[in-house]
Each structure stands twice: as structure tokens, then as C-alpha cells.
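Student: Sequence plus predicted model, see below.
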Amino acid sequence: KKKRKKKTSGLMAAAGDGNAATVRVVLQLVNTVELQVDPADDRWIQAGPGVLLFVSLLKGATDDTMAKAVKALLDVKYVHKQSIPEAGRDIVVVPQATLGGKMKGKQLQYHSNIEKEVGEEMFAKFVSVVEETNATQGGKGKVYHGTYGNIQRMRNLSNDGPFTHIFEL
């Protein structure tokens, strides 16, 4: 008998080459959320209805893998059988380095995270690709983002669910 090749969803295979994931994302559907975008000025944004994208960039992330990850995330039929842009949802991109952590005994380690300086530049590119892809796909929702390297404070989070998924891309 021939062995069947296991089919992999676009979200799980977004990196394309079968190597270890380089982008880890938690995707959550929200009614509303407020995110502090500038702690120094205590400036907050309010978004919704929309989605939260908590993003961790891992070692090996490239412009190409990020673009494929964004395409997969914005193409998936996530909101009432529509993609995020089709549904006109706001998109809030939040850097979340802790998603790159692993437990070793009783400790957490973050050895697979991308270096901080590189991560800051890559996160900015990730946000740009989300903005471009959302606009190209006709998305009417706004794109907001947190600040890489800062504590990400949120308040007044409201959702119906939670409707939350984890993807390694």
C-alpha cells in the first residue's frame, strides 16, 4: 500500500518548507478591546468589533515567512465564514514574546525567541504586511498595534466565547 501524504492546513504550513515554526500567533475574536499604545503618554486605542493577533517572532523568521503567515491569517474564514478583511473587522496586533517560551522543569525559557533588536524591526514589518494585506483584500477595519518591547496593557476586553486559536506558522 502507498502511504498517503498528510494534508496540512494553510495555517499550519504557512512557513511553507516544513521547518520549525518561526511565527507563533494567538488569534482571538473580540467585540471590543482597549490597548495602551504609548505608556509614556498613557495613550490608548479602542478597537472592535475585531480580532486580536498576539504575535511572537521566533528565531529563523524572515520577511518571506512573515508574509506567508499574514496571508494565511487574513485568508482563513474565521469570522462567520468570512475572512477578517471580508468581515470588515478591526485588527489589533500585539507583540507577545512570552508565546515563545517553553517549560524546562519549573522554569520558563525563551531561547527560541528572536533577538530583541531584530524582533523590533521584524514586528514593524509584520504590522506593515498586515496593513497592506488588509487594504489589498478590501478590509474596512482599522489596523492597530502595540509597541514592541513594552508591557502590553489591555482593558475592557469583551468577547463572545472566547473564540481563540493558536497557530504556529
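Tutor: The structure has been received and is ready for your questions.

Student: How many neighbouring residues does residue 24 have?
Tutor: 23 (other C-beta atoms under 10 Å). (Each C-beta comes from the backbone N, C-alpha and C, glycine too.)

Student: tell me which residues of stretch 141-161 are tucked away?
Tutor: Of the residues in stretch 141-161, those buried under the neighbour-count criterion (16 or more other C-beta atoms under 10 Å) are 141, 143, 144, 145, 146, 147, 148, 152, 159.

Student: Then stretch 69-79?
Tutor: Of the residues in stretch 69-79, 69, 70, 71, 72, 73, 74, 75, 76, 78, 79 count as buried by neighbour count, 16+ other C-beta under 10 Å.

Student: For the helix or strand containing residue 133, list the C-alpha coordinates in CSV.
Tutor: Assigning secondary structure by DSSP states H and E places residue 133 in helix 116-136. C-alpha atoms of helix 116-136 as CSV (Å, rounded to 0.1, in the frame of the first residue of the first chain):
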residue,chain,number,x,y,z
LYS,A,116,15.2,41.9,20.6
GLU,A,117,16.7,44.3,18.1
VAL,A,118,15.8,42.1,15.2
GLY,A,119,12.4,41.4,16.7
GLU,A,120,11.5,45.1,16.9
GLU,A,121,12.3,45.5,13.2
MET,A,122,10.5,42.3,12.2
PHE,A,123,7.4,43.2,14.2
ALA,A,124,7.2,46.6,12.4
LYS,A,125,7.4,44.7,9.1
PHE,A,126,4.8,42.2,10.3
VAL,A,127,2.4,45.1,11.1
SER,A,128,3.1,46.7,7.7
VAL,A,129,2.3,43.5,5.9
VAL,A,130,-1.0,43.2,7.9
GLU,A,131,-1.9,46.7,6.9
GLU,A,132,-1.0,46.2,3.2
THR,A,133,-2.8,42.8,3.0
ASN,A,134,-5.9,44.1,4.8
ALA,A,135,-6.1,47.0,2.4
THR,A,136,-5.4,44.8,-0.7
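
Student: which secondary structure elements does the following helix or strand past that helix contact?
Tutor: Where DSSP H and E defines the elements, the next helix or strand beyond helix 116-136 is strand 143-145. With contacts taken as 3 or more C-beta pairs under 8 Å, 6 or more residues apart in numbering; DSSP states H and E, strand 143-145 sits against strand 32-38, strand 90-95, helix 116-136.

Student: Okay, angle between the helix or strand just after strand 143-145 and strand 32-38 too, please.
Tutor: Remark: after strand 143-145, the chain's next helix or strand is strand 154-158, criterion DSSP H and E. Inter-element angle recorded for strand 154-158 and strand 32-38: 170 degrees (by axes from the mean of the first three to the mean of the last three C-alpha atoms, to 10 degrees).
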